[in-house]
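*Asks:* here's a sequence, model it:
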Amino acid sequence: MSEESKVEGRSITEELSKLGKQMADAIKAAWESDDRKKLQAEILDGLQKFGDEVTVALDKAGKSETAQDLRVKAEKVAVDVRASAVADDVRRGIISGLDVLNAEMSKLVEKLEPKPTSSDEAPVEPEAPAAPEAPAAPEV
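*Replies:* Below is the predicted model:
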């Protein structure tokens with residue numbers, strides 16, 4: 001039998017279908033094989049041990065004197081920064097209050113200072129404020 005006679009009765013679709021089924025069977029067999037299961041178990045075990053080692057190393061590093069010193073210094077810096085911010089806020093508040101007080105005192109001084117008249121260039125002494133009146137007797 002020649003090659004032509006073997007090929008004549010089949011279609012490309014049939015051949016591709018057959019190839020696809022064989023590929024699926026090969027993949028299934030490889031996936032279910034003992035070698036693949038062993039490899040998967042080995043990889044999972046290795047990843048677990050890797051994670052455990054990293055955790056132990058991080059715990060040791062966190063408990064080291066250097067790490068604790070670093071933590072204490074960082075906390076001190078944070079406290080200093082907060083205290084510095086509070087001091088700055090208090091300083092700004094005091095300055096703002098003094099600014100308002102100075103402005104009000106300036107207004108008061110303006111009101112109390114005599115205004116020079118055009119005929120008299122010398123400042124005039126302010127009059128003494130009148131004595132407060134005695135309270136009126138309540139009506140009965």
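*Asks:* residue ranges with poor pLDDT in the chain?
*Replies:* 1-7, 118-140 (pLDDT under 70).
*Asks:* and T117, which of the three is it?
*Replies:* coil (DSSP: H, G, I helix; E, B strand; the rest coil).
*Asks:* and if you look at P114?
*Replies:* coil.
*Asks:* look up phi and psi at it.
*Replies:* phi -70, psi 150 (degrees, to the nearest 10).
*Asks:* give me the number of residues near it?
*Replies:* Using other CB atoms under 10 Å, P114 has 12 other residues around it. Just so you know, the C-beta spots here come from the backbone N, C-alpha and C atoms, and that holds for glycine as well.
*Asks:* that one and D80, how far apart?
*Replies:* According to CB to CB, to the nearest Å, P114 stands 54 Å off from D80.
*Asks:* just D34 next, same as before
*Replies:* From D34 to D80 the distance is 64 Å (CB to CB).
*Asks:* neighbour count: these two, which is higher?
*Replies:* D80 (10 against 7).
*Asks:* could you say which helix or strand holds that one?
*Replies:* For D80, the element it lies in under DSSP states H and E is helix 65-112.
*Asks:* tell me the gap between that helix and the middle of its chain.
*Replies:* 24 Å (CA atoms, centre = their mean, to the nearest Å).
*Asks:* ok, now stretch 24-34?
*Replies:* The answer for stretch 24-34 is 50 Å, by CA atoms, centre = their mean.
*Asks:* list the contacts of that stretch.
*Replies:* Contacts to stretch 24-34, defined as CB atoms under 8 Å, 6 or more residues apart in numbering, come from residues R36.
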